[in-house]
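**Q** all I have is the shape, not the residue letters:
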């Protein structure tokens, strides 16, 4: 099989790079289980099997590399060799689907890591005849697409230190952006009378300066900046709970399973993937709003931290992720071709894309938006 | 044949859109000469033959359309149908080359409208085995590529009004950006004691404010802003000369032939395409520097304005452009496959891309630039 990884960072990434990490874990897991895997990734990637590359280093590592050009070549070179593979797993996002239109390719499976904005649906709808799809949570599905499976991301529990007796603080660990809800974490911690540590990059600097920074006093609210490696592991393990009260549906939420792997339960918003990842009342609490979250803080001590870790080992480990992909690959190889859309899916495809029960990252301007239908039209001779 | 047009604007464009205009002129010219042309363009394009479209309007017309997504679908849908055509003419730039890697396509010809930055060469080098190339001037060629022909752009002389007795002004008509040399036009006009009219969009606002605006007095230097249609035609025709003293090699220079079509000679810099377009001493003067241009101003009246227009009719008309493309298509159909690179071309491909005798639009940061070789590498099993 061919596995198409992103090329922003090497696979696996030395630092940030969640998609590259997942691609590596899949490639390595399949290789360990005996599959003949060719990993399409940057030239400085490290993999026990074959690596095919057109770009020497990650386009995020050298600013003089043109990510558009190298991305297109990276994809084009895989499809040039499509006939060599029994299966293509696309973990690069939507763009390879447009190449699949033009290629006699073996069965292809695409992991949809999320929809960044409604217009991106055009590519998925066009590619739906050529690729099977996997979602990374049941919640993050577009009603216009058919899915082969939900293939949750996984982590290696051994990479996280289990902590049975945590410290005295709640933890917020995410980008500082309104959708990640740091301001709600602060409100919850203050009302519950518990200390809060916050960590992450200030992606939305205005938001951070106006709504977060005024609360940071080094005691009740401590700001740690971006944390990595051992510091991150200790921070996760020492928390009473990870507070993840997002204001927008989470697609998956890798940090949630990393926290649980350390034994740390999650206080999470009742939307998006959270109810699928957190076992309410066992590995954390799924909270409808801030009031509910505040009320749950005193009950955190009653949760079993071993149960949190056990939940990750049984459900969200890399090995379970590989099990899920193995099943999906098998189905794709049996079916060969994706089924046509159902009538309901077809209706959604023709529905206004901006009016969707799903989580987009970007807020595209609604003005001028027209519900274009995705049809290839050909005018008659005029 | 299939002709792949850009999709920023309709083909032909109602306003700005030089690439769409050229694509239209080629499609329409070939159709008039009996070719069976399918034009891949926006859905609101107007063409006497067949239009195939995936995007209803130009991505430049509706800001909610995602140009990346629709561009990829536009290209993918053409290559999906590649087997239906005897020939593909790619007038969309580099991206379709990466799709050609993955497709059994008929002979393909790509017009290179210019290299925006060195890394874009990676796509052209990769695509060189799948596509023939045409340049838009002899000057705008990369030494690492082989070219089938130079296919100069053309205009319809009938669309421009010939003016035998011009006004008393020199004209600058281009974007306000240092590379277009408005500041040099001002210096030339002032030193020659002739009035100057300037028109165009202030693309580089700092440059305009600091180096141009202080000279605009409404008399010796008049600023007209962006001009279109009839105003533009009259402005071109009324000029003693178009001053085009660029500081960077021009790739083609559509305005030069538009001016000459009106009978207006060109004072142009001796670099890039100018010496190919302007017949020195007949349809203008090719000037080594500002001093030379100043010295030529009194001689402008001695030039035959009819000769300027005649030069466009004989060499830079749409019909001559179609002749050139017809020849190029014929050669591509005979050869079927582009020849491999010569040893010299191959050396250039492996040479540091930043150190090139050619005209790039963008100035990419030189720091960190590494002369990566474009080779697909595959690691052995480790």
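**A** Noted; the coordinates are in hand. Note that the structure is predicted; figures quoted are calculated from it, not measured.

**Q** tell me if residue A:222 really is in a strand.
**A** Yes - using DSSP: H, G, I helix; E, B strand; the rest coil, the assignment for residue A:222 is a strand.

**Q** measure the closest residue to residue A:105 other than its chain neighbours to residue A:217 for me?
**A** Excluding its sequence neighbours, the residue lying closest to residue A:105 (Cβ to Cβ, 6 or more residues apart in numbering or on different chains) is residue A:82, at 4.2 Å. Yep, even glycine has a C-beta here, placed from its N, CA and C like the rest. From residue A:82 across to residue A:217, the span is 58 Å (Cβ to Cβ, to the nearest Å).

**Q** please apply the same query to residue A:98.
**A** On the measure of Cβ to Cβ, residue A:98 and residue A:217 end up 51 Å apart.

**Q** also residue A:254?
**A** The value you get for residue A:254 to residue A:217, if Cβ to Cβ is used, is 29 Å.

**Q** tell me which of those two has more neighbours.
**A** residue A:254 (19 against 9; other Cβ atoms under 10 Å in any protein chain shown).

**Q** I'd say that one and residue A:160 touch.
**A** No - counting by Cβ atoms under 8 Å, no contact exists between residue A:254 and residue A:160, whose distance comes to 11.6 Å.

**Q** secondary structure element holding the closest residue to residue A:6 other than its chain neighbours?
**A** Residue nearest to residue A:6 in three dimensions, not counting chain neighbours: residue A:19, with 4.8 Å by Cβ to Cβ, 6+ apart. Using DSSP states H and E, the element containing residue A:19 is helix A:18-32.

**Q** which residues are in contact with that helix?
**A** For helix A:18-32, contacts defined as Cβ atoms under 8 Å, 6 or more residues apart in numbering or on different chains pick out A:1, A:3, A:5-6, A:8-13, A:37, A:39, A:41, A:45, A:47-49, A:89, A:91, A:111, A:113, A:153-154, A:156, A:254, A:318-319, A:321-322, A:325-326.

**Q** now that helix: buried residues?
**A** If you call a residue buried by 16 or more other Cβ atoms under 10 Å in any protein chain shown, then helix A:18-32 has these buried ones: A:19-31.

**Q** sketch out the low-pLDDT regions of chain A for me.
**A** A:354-382 (pLDDT under 70).

**Q** the strands in it, which residues?
**A** A:2-4, A:38-40, A:50-53, A:88-90, A:108-112, A:132-135, A:149-150, A:169-173, A:195-199, A:221-223, A:239-244, A:266-269, A:284-287, A:377-378 (DSSP state E).

**Q** is it possible to export these to CSV including mean neighbour count and distance to residue A:278?
**A** Converted to CSV, the strands of chain A look like this (neighbours: other Cβ atoms under 10 Å in any protein chain shown; distance: least, Cβ to Cβ, whole Å):
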stretch, mean neighbour count, distance to residue A:278
strand A:2-4, 27, 30
strand A:38-40, 27, 32
strand A:50-53, 22, 36
strand A:88-90, 28, 28
strand A:108-112, 24, 22
strand A:132-135, 23, 18
strand A:149-150, 18, 16
strand A:169-173, 26, 15
strand A:195-199, 22, 19
strand A:221-223, 19, 24
strand A:239-244, 27, 9
strand A:266-269, 28, 5
strand A:284-287, 24, 4
strand A:377-378, 12, 46
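
**Q** max-length helix in chain A?
**A** helix A:318-335 (DSSP state H).

**Q** leaving out chain neighbours, which residue sits closest to the closest residue to chain B within the stretch 101-250 of chain A?
**A** Closest approach between the stretch 101-250 of chain A and chain B, counting by Cβ to the nearest Cβ: residue A:102, at 3.2 Å. Distances taken as Cβ to Cβ, 6+ apart place residue B:79 nearest to residue A:102, at 3.2 Å, with adjacent residues excluded.

**Q** quick one on the thing from earlier: rebuild the strands of chain A as CSV, extending it with distance to chain B.
**A** Listed next are the strands of chain A as CSV, based on distance: least, Cβ to the nearest Cβ, whole Å:
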stretch, distance to chain B
strand A:2-4, 12
strand A:38-40, 8
strand A:50-53, 4
strand A:88-90, 11
strand A:108-112, 12
strand A:132-135, 16
strand A:149-150, 24
strand A:169-173, 31
strand A:195-199, 30
strand A:221-223, 32
strand A:239-244, 30
strand A:266-269, 29
strand A:284-287, 34
strand A:377-378, 5
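
**Q** so the closest residue to residue A:285 other than its chain neighbours versus residue A:310, what's the distance?
**A** The shortest distance from residue A:285 to any non-neighbouring residue, by Cβ to Cβ, 6+ apart, is to residue A:296 (4.2 Å). Distance, residue A:296 to residue A:310, by Cβ to Cβ: 21 Å.

**Q** so which of the two has more stuff around it?
**A** Using other Cβ under 10 Å, the more surrounded residue of residue A:296 and residue A:310 is residue A:296, with 21 against 17.

**Q** where exactly do the helices run in chain A?
**A** With DSSP H as the criterion, chain A has helices spanning A:18-32, A:67-80, A:95-100, A:121-127, A:182-192, A:205-207, A:229-237, A:254-261, A:274-277, A:290-296, A:305-315, A:318-335, A:343-350.

**Q** among these, which comes closest to residue B:65?
**A** The closest of those to residue B:65 is helix A:121-127. By Cβ to Cβ, the value is 8.9 Å.

**Q** just checking, what packs against that closest one?
**A** helix A:95-100, helix B:67-80 (3 or more Cβ pairs under 8 Å, 6 or more residues apart in numbering or on different chains; DSSP states H and E).

**Q** these: which one's closest to residue B:250?
**A** Taking these one by one with Cβ to Cβ, helix B:67-80 is closest: 26.3 Å.

**Q** now distance to residue A:246 too, for the buried residues of helix A:18-32, in JSON lines please.
**A** As requested, the buried residues of helix A:18-32 are arranged in JSON lines below (distance: Cβ to Cβ, whole Å):
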{"residue": "A:19", "distance to residue A:246": "20"}
{"residue": "A:20", "distance to residue A:246": "24"}
{"residue": "A:21", "distance to residue A:246": "21"}
{"residue": "A:22", "distance to residue A:246": "20"}
{"residue": "A:23", "distance to residue A:246": "25"}
{"residue": "A:24", "distance to residue A:246": "27"}
{"residue": "A:25", "distance to residue A:246": "24"}
{"residue": "A:26", "distance to residue A:246": "26"}
{"residue": "A:27", "distance to residue A:246": "30"}
{"residue": "A:28", "distance to residue A:246": "30"}
{"residue": "A:29", "distance to residue A:246": "29"}
{"residue": "A:30", "distance to residue A:246": "32"}
{"residue": "A:31", "distance to residue A:246": "35"}
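
**Q** ok, so of the residues you listed, who is nearest residue A:227?
**A** For the buried residues of helix A:18-32, the nearest to residue A:227 is residue A:21 (16.6 Å; Cβ to Cβ).

**Q** contacts only, for the closest residue to residue A:23 other than its chain neighbours.
**A** If the residues on either side of it in the chain are set aside, residue A:23 comes closest to residue A:5, at 3.7 Å by Cβ to Cβ, 6+ apart. For residue A:5, the contacting residues are A:11, A:19-20, A:23-24, A:27, A:39-41, A:45, A:91-92, by Cβ under 8 Å, 6+ apart.

**Q** change it to 7 Å
**A** A:11, A:20, A:23, A:39-41, A:91-92 (Cβ atoms under 7 Å, 6 or more residues apart in numbering or on different chains).
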